[in-house]
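Enquirer: make a model of this:
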Amino acid sequence: MAKGMTFIIAGPSGVGKGTVIKRVFESGRKLYFSVSATTRAPRPGEQDGVDYHFISREQFDSWIAQGAFLEHAEFVGNCYGTPGRYVDEAMDRGEDVILDIEVQGAEQVHQLRPEAVRIFLAPPSWAELRRRLIGRGTESAEKVERRLQRSREEFQVAQNYDYLVVNDDVEQAAAEVLAIIAASHCRAADRYEAVSRALEE
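Expert: So this is what the prediction gives:
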């Protein structure tokens, strides 16, 4: 059985990563969504192991010491991280792993797993990203502008990624992500030995 691959999908806040990833999973392809660990308390309706792995701060710090995270960060007093064990187990089962993480986290994963395929999801325009952020109705105009400034800064690293997908149309963006996944499995460097063995049988 061929081992799965890891695909990092990163991009600015409000670009629609969650929506695009949902469409990708609806394709029926054998995929595993990496569930993050967090020290924050579960919100109503959230399930342990489904939405997050809810753990204590002590356990989180212990996992950091053990090198158990592919990436981790702290936001507003709560810690978040991607446990490497679940990613490796899914890949060993032949499943491709999707990581939905921030740009800074993506860089941490790239340092540890340079073979992971990085996909940057970009908005069609800054005006459209502003519209989406305002449409959330969860932040002040000042916070929206700060997010936009941060998004412009994050976009500068997109040129270093393996692929750049523009989320102008969700269906098209999801189709491009799926095409990237399929193409990644056809790389000669990864396939040559397995195909050579099959030809010799």
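
Enquirer: quick one: R150 is in a helix?
Expert: Yes. Counting by DSSP: H, G, I helix; E, B strand; the rest coil, one finds R150 located in a helix.

Enquirer: would you map the strands across the chain?
Expert: 6-10, 31-33, 37-38, 53-54, 69-75, 78-83, 96-100, 117-122, 163-166 (DSSP state E).

Enquirer: quick one, which of the ones you listed is nearest to G45?
Expert: Taking C-beta to C-beta, strand 53-54 is the member of the strands of the chain nearest to G45, at 13.1 Å. In this view, the C-beta of every residue, glycine as well, is placed from N, C-alpha and C.

Enquirer: what pairs with the closest one, parallel or antiparallel?
Expert: When pairing is defined by DSSP bridges, strand 53-54 lines up against strand 37-38 (parallel).

Enquirer: hang on, the earlier thing: mean neighbour count, the strands of the chain: which tops it?
Expert: The highest mean neighbour count among the strands of the chain, using mean count of other C-beta atoms under 10 Å, belongs to strand 6-10: a mean of 24.

Enquirer: report all helices and strands that that strand contacts.
Expert: With contacts defined as 3 or more C-beta pairs under 8 Å, 6 or more residues apart in numbering; DSSP states H and E, strand 6-10 has these neighbours: helix 17-25, strand 96-100, helix 103-112, strand 117-122, helix 170-184.

Enquirer: quick one: residues in contact with the shortest one.
Expert: With contact meaning C-beta atoms under 8 Å, 6 or more residues apart in numbering, strand 96-100 is reached by 4-9, 17-18, 21, 24-25, 29-34, 70, 82, 87, 90-91, 106, 109, 116, 181.

Enquirer: give me the below-cutoff pLDDT ranges for the protein.
Expert: Per-residue confidence for the chain (pLDDT under 70) gives these ranges: 1.

Enquirer: please redo it, this time with the cut-off set to 50
Expert: Scanning the chain for pLDDT under 50 picks out no residues.

Enquirer: possible to save the strands of the chain as JSON lines with distance to S62?
Expert: Output for the strands of the chain, formatted as JSON lines (distance: least, C-beta to C-beta, whole Å):
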{"stretch": "strand 6-10", "distance to S62": "24"}
{"stretch": "strand 31-33", "distance to S62": "24"}
{"stretch": "strand 37-38", "distance to S62": "11"}
{"stretch": "strand 53-54", "distance to S62": "13"}
{"stretch": "strand 69-75", "distance to S62": "11"}
{"stretch": "strand 78-83", "distance to S62": "12"}
{"stretch": "strand 96-100", "distance to S62": "22"}
{"stretch": "strand 117-122", "distance to S62": "29"}
{"stretch": "strand 163-166", "distance to S62": "35"}
